[in-house]
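Chemist: kindly return the folded structure for what I paste below:
(2 chains)
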Amino acid sequence: MQHTKRAVAMGVALLSAIALAGCSTGSTGTSGEAAACAPSEGDVTLEFTSWIPGIEDAAAIWNAENPGIQVQVQTGPNGNSGTYQNFFSQLEAGNAPDLGQIEYDALSSFRVQDGLEDLSNCEDVVAAEADFIPWTWNQVTLGGDGVYGIPQDSGPMALFYRSDLFEQNGIAVPTTWDEYKDAAKKIRALGGYITNFSTADINQFAGFVWQANGDWFTNDGDAWSVDLSGDASKTVADYWQELLDEDLVATYPAWTEEWNNAYNSSEVWSWTSAVWGANSISSGAPDTAGKWSVAPAPQWKAGESAAGNWGGSSVAVFKGSEHVYEAAKFALWLNTSEEALTALNESANIYPATTAGLELPSLQEGVEFYGGQAIYDVFAEAAAEVNPDFVWGPTMTQTYADVSDGFQKAVTGQGTLLEALESAQSSTISTLKAQSIPVAE
Amino acid sequence: MSLLTRTAGATADDATASGRKGPRESLLSRSAALIVMGVFTLYFLLPIWWLFIASTKDRGQLLTTPSLWFADFKLFENIGALASYGDGIYFRWLLNSLGYAGLGALLATVVASMAGYALAKYRFPGRELFFNVVLGGVLVPATALALPLFLLFSQVNLTNTYWAVLLPSIVSPFGVYLSRIYAAASVPDELIEASRLDGAGEVRTFFTVSVRLMTPALITVFLFQFVAIWNNFFLPLIMLRSEEFFPVTYGLYAWNTQLNQIPELRTYVLVGSLLSIIPLIITFLLLQRFWRNGLGSGSVK
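Modeler: Model prediction:
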């Protein structure tokens, strides 16, 4: 399995190198005007590529209600495992689907390659802004005037913890990161770890920086600024560096069997993760059913309620679609209507990005695995507290890879987390320049 | 992988057979050989055993029970669940794979044998140039060709069809190479001459006389190509978007990327992987007889 994974990774890397070589000479312009948004004549068939399981059921509901606009769902592996690369190839070949699933952190890279239609001329789309949780809308406007997708889901972060172990050992549930560190020491003395620090999946760390009001990228309309090692990143990196140095956190690679096992065997006691992490725990650590609870994420300043975000995606309309109006209409329905959101939540645990979506009946119920706690209430509160100004850069694949490499070294004692961020800062800037993307320095 | 296992098995048979007839080897060297073979057999079979055991467990027991021994035997429930998930799309993928690999390997064998035979038996200007270009093709990894192929197929609107995977699969430079070498060695010029004198045309001579002599090589080409197509992952990844065209490898990969969110897929991926190796095993068991003959006859000459 590991072997295949590496082969896949190598292949993907090879392909992206070829594709980048192909693309970089072409369209890097940030020009592009908003697409005209007028209904097409006659019946329309839209192609929609998404890896969300069961999304075809939601599309079937739409197709039954809208005989004039039929949606064909196409599928593939999740974005970074191949579908994004396919989108780029298809854009190059001129046969991209009308609509595609794109995670927030990948939208910018499609935008700078001029792969997305700007939907800001679609009245319905502009009017729908008020339906969405404000920060999710910022994720699709990319800090400008255009609208490059419709938000689908979000991943507000909170603290999953083993309420039974914390209680038995008289450790209070930490509300600040300082308390979290104290708890970590007590737990380490008992032979456990308070949490696992993921070196491979940088999104969690980004979520921590996001919570600390950090800003990794900004775009003033002309040029990108990169700030991977700014004050907020420094605070977060130093904090986790201390925990690592004092051996207070485990460092299993995320999403592996040993990682699952660390939670399942009660070695690791808590996880600050996104709302979808609820399923990761219940599937990875089945023996601990009923023993988990969810609390708001620890804070940097006592009394605050800042939240980070980890994950979330949008549905975007690709450049060259002949049916922008219909595509936008479907994307809006898919991500705002109660019937679609209910279907997506049932089939794929999608956590909606609309304010009304957070009120779905299925998100009000107690969850058995979490001792009957209505855990989604905690996430709904967190969703309202996510900093709206966090922007993803256009080269996240490279940035993630570089930070992850540095983090893995830091975990084995070579260098520090902050040094990893500093080196990723400079490599990100040179990658941007190599793709002729303007950088402000 | 299974290729190697089979070769190891075949030599093991040969070793014991010759051991009986030929001079006796010392106990030490025989047991050393047995131990080495035993270790390798274990090395190759252990993952399959793990896969089989994992396929018989339900999701809860997968992580919590010893991974190399049975817990509750739920294999058939798991297969049932796999068959019903997504309207049984898994079996569609399995059929697709059989179609791509079976038909693709058959056509590839026909094309490669004709090309190799022509290169071996006919003298024409540019023969060596052709052959060298084909040989060069052996060196180009299939992965590197996937994207250019995609752009080409996009021009003719053939992406996301069966053809997108089947057409590139019928080309096997290695098969041409092997067929040429084998035809040169095993098809005597005199025989071709004789059949010409008897009034058979070139095509008839090829199909009635030469192909029979080349059979062991052709089986090898077929097997290689069958496995190559079965395992070819990047071409379907780039070409296909509709689930109904996926081969089983790509389908399982797509599921595997969803494990974080849809935990029950883990069982389906495991059971699906187990079922997907069965056709490969059957193909080898059926065809290895021919293959070993081929290797054997080659070595005696």
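Chemist: rest of the way, CA atoms for contacts and neighbours
Modeler: OK.
Chemist: how about the residues of chain B by chain A?
Modeler: For chain B, the residues in contact with chain A (CA under 8 Å from any CA of the partner chain) are B:59-60, B:63-64, B:143-144, B:147, B:150-151, B:154-155, B:234, B:237-238, B:241-243, B:251, B:253-255, B:257-258, B:260-263.
Chemist: now residue A:287, nearest residue through space, not along the chain?
Modeler: Nearest non-adjacent residue to residue A:287, counting by CA to CA, 6 or more residues apart in numbering or on different chains: residue A:264, 5.9 Å away.
Chemist: quick revisit: buried among the residues of chain B next to chain A? Make that a PyMOL selection.
Modeler: Buried members of those can be picked out in PyMOL with the line below, counting by 16 or more other CA atoms under 10 Å in any protein chain shown:
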select buried, chain B and resi 59+63+143+147+150+151+154+234+237+238+241+243+251+253+254+255+257+258+260+261+262+263
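Chemist: between the two ends of stretch B:72-92, what distance do you get?
Modeler: With CA to CA, to the nearest Å as the measure, stretch B:72-92 spans 29 Å from end to end.
Chemist: can you list contacts of it?
Modeler: Residues outside stretch B:72-92 that contact it (CA atoms under 8 Å, 6 or more residues apart in numbering or on different chains): B:55-58, B:243-244, B:248, B:251, B:267-268, B:271-272.
Chemist: show me which pair in those is furthest apart.
Modeler: Greatest spatial distance among the contacts of stretch B:72-92 (CA to CA): B:57 and B:244, at 28.2 Å.
Chemist: which one's more surrounded, those two?
Modeler: Ranked by neighbour count (other CA atoms under 10 Å in any protein chain shown), residue B:57 and residue B:244 place residue B:57 first, with 25 against 18.
Chemist: so where's chain B uncertain?
Modeler: Within chain B, the segments meeting pLDDT under 70 span B:1-23, B:291-301.
Chemist: find the closest residue to chain A in it.
Modeler: Closest contact between chain B and chain A, by CA to the nearest CA, is at residue B:254 (4.0 Å).
Chemist: now the nearest residue to that residue once chain neighbours are set aside, what's its secondary structure?
Modeler: Nearest residue to residue B:254, sequence neighbours excluded (CA to CA, 6+ apart): residue A:77, at 4.0 Å. Secondary structure, DSSP: H, G, I helix; E, B strand; the rest coil: residue A:77 is coil.
Chemist: check contacts around residue A:77.
Modeler: A:51, A:83, B:253-255, B:257-258.
Chemist: swap in 10 Å and give it another go.
Modeler: The contact partners of residue A:77, by CA atoms under 10 Å, 6 or more residues apart in numbering or on different chains, come to A:50-52, A:83-84, B:237, B:241, B:250-258.
Chemist: and if you look at residue B:242?
Modeler: Here residue B:242 is in contact with A:49, A:72-76, B:160-161 (criterion: CA under 10 Å, 6+ apart).
Chemist: just to revisit the earlier point, for the residue nearest to residue B:254, what are phi and psi?
Modeler: phi -70, psi 170 (degrees, to the nearest 10).
Chemist: quick one: pLDDT of it?
Modeler: pLDDT recorded at residue A:77 is 92.
Chemist: how near is it to residue A:86?
Modeler: Taking CA to CA, one finds residue A:77 at 10 Å from residue A:86.
Chemist: shared neighbours, the two?
Modeler: Common neighbours of residue A:77 and residue A:86 (criterion: CA under 10 Å, 6+ apart): B:237, B:241.
Chemist: right, and residue A:145 touches residue A:118 too?
Modeler: Yes. Here residue A:145 reaches residue A:118: they are 9.2 Å apart, a contact under CA atoms under 10 Å.
Chemist: what residues of the helix or strand hosting residue B:42 count as buried?
Modeler: Residue B:42 is part of helix B:27-55 when elements are defined by DSSP states H and E. Across helix B:27-55, burial judged by 16+ other CA under 10 Å covers B:37, B:49-55.
Chemist: do the same with stretch B:198-217
Modeler: Applying a neighbour-count criterion of 16+ other CA under 10 Å, one finds B:205-206, B:210-211, B:213-217 buried in stretch B:198-217.
Chemist: how about stretch B:171-191?
Modeler: The neighbour-count check on stretch B:171-191 (16+ other CA under 10 Å) flags B:171-184, B:187 as buried.
Chemist: tell me which of the residues you listed fall in strands.
Modeler: Of the positions in these, not one sits in strands, assigned by DSSP state E.
Chemist: in chain A, which residue is closest to the centre?
Modeler: The residue lying closest to the centre of chain A (CA atoms, centre = their mean) is residue A:311, at 1.5 Å.
Chemist: ok, it to chain B distance?
Modeler: Distance, residue A:311 to chain B, by CA to the nearest CA, to the nearest Å: 12 Å.
Chemist: please identify which helix or strand holds that residue.
Modeler: Residue A:311 belongs to no helix or strand when elements are defined using DSSP H and E.
Chemist: same deal with residue A:157?
Modeler: Applying DSSP H and E, one finds residue A:157 within strand A:157-162.
Chemist: can I get stretch A:51-68 as CSV, trimmed to CA atoms?
Modeler: The C-alpha coordinates for stretch A:51-68 follow below in CSV (Å, rounded to 0.1, in the frame of the first residue of the first chain):
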residue,chain,number,x,y,z
TRP,A,51,-15.4,13.2,-5.5
ILE,A,52,-18.0,13.7,-2.7
PRO,A,53,-19.7,10.3,-2.3
GLY,A,54,-23.4,10.4,-2.9
ILE,A,55,-23.4,13.8,-4.6
GLU,A,56,-25.1,12.1,-7.5
ASP,A,57,-28.1,11.5,-5.3
ALA,A,58,-28.4,15.3,-4.7
ALA,A,59,-27.9,15.9,-8.4
ALA,A,60,-30.7,13.4,-9.1
ILE,A,61,-33.1,15.5,-7.0
TRP,A,62,-32.2,18.5,-9.1
ASN,A,63,-32.5,16.7,-12.3
ALA,A,64,-36.0,15.5,-11.4
GLU,A,65,-37.1,19.1,-10.6
ASN,A,66,-35.3,20.8,-13.5
PRO,A,67,-35.9,18.9,-16.8
GLY,A,68,-34.3,21.7,-18.8
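Chemist: how about that stretch: buried residues?
Modeler: Neighbour-count burial for stretch A:51-68 flags A:51-56, A:58-60, A:62-63 (criterion: 16+ other CA under 10 Å).
Chemist: these: which two are farthest apart?
Modeler: Using CA to CA, the pair of the buried residues of stretch A:51-68 lying farthest apart is A:51 and A:63, separated by 18.8 Å.
Chemist: re earlier: what sits in contact with each of residue A:145 and residue A:118?
Modeler: In the contact map built from CA under 10 Å, 6+ apart, the residues linked to both residue A:145 and residue A:118 are residue A:34.
Chemist: so those two - more neighbours on which side?
Modeler: Set side by side, residue A:145 and residue A:118 show more neighbours around residue A:118, with 26 against 12, by other CA under 10 Å.
Chemist: that one - that's part of a strand, no?
Modeler: No. Counting by three-state DSSP, residue A:118 is not part of a strand but coil.
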